[in-house]
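J.: Below is the structure, and that's it, no one-letter string:
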């Protein structure tokens, strides 16, 4: 990318999206100032002043690029020189088929890389309101916990109320406090993932009586009360508090995070557990494990009382209890253009979770493309958008595409979304046969279709990189 360098890019917010955006701008040869309000002003969820701090799960989800959309997004980001993926790969911990990270090591790696880059200045302090008018190229990546002054300024500028939902945090348990005479190590279906060995989760079995009592306790347990301004805020279905899932029906949890399939209790192999609670390694030392899918708004005392009824966790010691915070996001299809710029003030570009993507990887990927767009602008160029056949392109299509229609009068249908193959354009010709010429049947068609979509995505991304970024695509 060549052309006259015009302005420094300012990135507001040093979470995953902002950190990735700043890295991509600087990697393109453009100076950038990365603004982060912590530690001057903390949030309800953050605990440190580290950049790209993970406040919820430590999992980046599946790393299977051939069969899973988020694994494909991992692969695309690696090809684009993602700092977030580099730090994740360097700090992974065993997690079956998922890519999970040591959260402290991950944040430290991102912080050091940004701090060491000669074209990046890290400025600590809150941006109270709209950025100064002389900042002509700005990326706002303040995430779901955008400070009130900035959120109010954006709302006033757009004449549009931000949508909002709650996101909940799962508790973390000290490994040594788990009773392994009851629990056992095993990945579902013994699947081996990055850095793992097929026995990466700790599993706690429940009988029907124990499960029924647990569900009843979740429903009856004392919850955090909402503030008046929070009472009408909906949850995101991909991160529901466990007690909210329990309220949806007595069997909901058995078909969600507590499903007992693909696991065999070595302490009692002849008995099939009615439900199983899984814990996933949370740090590289293996001393901390988070309870998978147990985001919660239960009060702290209730969490300890109820979660210690889980077999194997009777004496659990908690390194962190679960919590709840409010997420906000824009009605992006209406407010943003195809390059993530605010239509009302194009010098402002948005990235990350506040644009209406959901998940660590998705947020970072939108930060990545926002950084590339901003760097091109700084050089007086226009960068073509990635193909819609790619994971990155399909996610951008969701954010900036035709989702303005209403479900009912006054209600917008646009909602946060994880990357999934449903966002991709359909294949021109879906595979019908195996390599040996025999016909695909049943689930084989779905698997083959996903693999074909992944292969097309990576091939199209490589061509886009070669044509527009003039950098060599990584193998």
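T.: Perfect, thanks for sending it. None of these values were measured; they are calculated from a predicted model. Residues are numbered from 1 along each chain as shown.
J.: going forward, measure contacts between C-alpha atoms and count neighbours the same way
T.: Fine.
J.: who's in contact with the residue most central in space within the chain?
T.: For the chain, the residue nearest the mean C-alpha position is residue 359 (1.7 Å; CA atoms, centre = their mean). By CA atoms under 8 Å, 6 or more residues apart in numbering, residue 359 lies in contact with 60, 353, 418.
J.: Sort these by pLDDT and name the bottom one.
T.: Ranked by pLDDT, the contacts of residue 359 bottom out at residue 418 (87).
J.: quick one: low-confidence parts of this structure?
T.: 1-6, 161-163, 165-168, 193-195, 226-233, 236-238, 325, 402-413, 470-475 (pLDDT under 70).
J.: Show me where it has its helices.
T.: 16-27, 69-79, 83-90, 103-116, 148-158, 208-220, 242-247, 300-307, 332-335, 360-378, 391-400, 443-464 (DSSP state H).
J.: Pick the most buried one from the ones you listed.
T.: Burial of the helices of the chain is given as mean neighbour count (mean count of other CA atoms under 10 Å); helix 16-27 ranks first at a mean of 30.
J.: Give the other helices and strands that that one contacts.
T.: Packing partners of helix 16-27 (3 or more CA pairs under 8 Å, 6 or more residues apart in numbering; DSSP states H and E): strand 9-12, strand 32-36, helix 83-90, helix 103-116, strand 120-124, strand 138-140, helix 360-378.
J.: in stretch 420-436, what's buried?
T.: By neighbour count on 16 or more other CA atoms under 10 Å, the buried set for stretch 420-436 is 421, 423, 424, 431.
J.: Which two among the residues you listed are spaced furthest apart?
T.: Greatest spacing in the buried residues of stretch 420-436, by CA to CA: 423 and 431 (18.8 Å).
J.: circling back to that earlier point, mind checking the helices of the chain for the one nearest to residue 169?
T.: Closest among those, once you apply CA to CA, is helix 242-247, at 10.3 Å.
J.: Determine how far stretch 440-452 lies from the middle of the whole chain.
T.: 26 Å (CA atoms, centre = their mean, to the nearest Å).
J.: repeat for stretch 314-326
T.: With CA atoms, centre = their mean, you get 20 Å for stretch 314-326.
J.: Quick check: end-to-end length of it?
T.: End-to-end distance for stretch 314-326, by CA to CA, to the nearest Å: 31 Å.
J.: can you check stretch 426-440 too?
T.: Rule used - CA to CA; the end-to-end distance of stretch 426-440 is 18 Å.
J.: again, but for stretch 282-292
T.: By CA to CA, one end of stretch 282-292 lies 10 Å from the other end.
J.: Flag every buried residue along that stretch.
T.: Under 16+ other CA under 10 Å, the buried positions of stretch 282-292 are 282, 283, 284, 288, 289, 290, 291, 292.
J.: if I look at the residue nearest to the third one when sequence neighbours are not counted, how far off is residue 240?
T.: Nearest-residue entry for residue 284: residue 102, 5.0 Å, with adjacent residues in sequence omitted and distances by CA to CA, 6 or more residues apart in numbering. Taking CA to CA as the measure, residue 102 falls 24 Å from residue 240.
J.: ok, now residue 442?
T.: Where residue 240 is concerned, residue 442 sits at a distance of 31 Å (CA to CA).
J.: Over to residue 212?
T.: For residue 212 relative to residue 240 (CA to CA), the value is 19 Å.
J.: Please apply the same query to residue 428.
T.: Taken as CA to CA, the span from residue 428 to residue 240 is 36 Å.
J.: cool, residue 420 as well?
T.: 18 Å.
J.: can you check residue 451 too?
T.: 30 Å.
J.: Same question for residue 391.
T.: 25 Å.
J.: before we move on, what about residue 312?
T.: 24 Å.
J.: can you pull the contacts of residue 160?
T.: Taking CA under 8 Å, 6+ apart, one finds residue 331 in contact with residue 160.
J.: one more time with 10 Å
T.: 154, 330, 331, 334, 335 (CA atoms under 10 Å, 6 or more residues apart in numbering).
J.: Among residue 102 and residue 240, which residue is more densely surrounded?
T.: residue 102 (24 against 20; other CA atoms under 10 Å).
J.: about what we covered before: between the contacts of residue 160, which is nearest residue 85?
T.: residue 330 (25.7 Å).
J.: can you pull the contacts of the closest one?
T.: Taking CA under 10 Å, 6+ apart as the test, what residue 330 contacts is 154-155, 158, 160-164, 336, 350, 353-356, 399, 414-416.
J.: Show the buried residues in those.
T.: Buried among the contacts of residue 330 by 16+ other CA under 10 Å: 154, 158, 162-164, 336, 350, 353-356, 399, 414-416.
J.: Switch the helices and strands packed on helix 16-27 over to TSV; also include distance to residue 272.
T.: Shown next, in TSV, are the helices and strands packed on helix 16-27 (distance: least, CA to CA, whole Å):
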stretch	distance to residue 272
strand 9-12	51
strand 32-36	50
helix 83-90	36
helix 103-116	34
strand 120-124	54
strand 138-140	50
helix 360-378	35
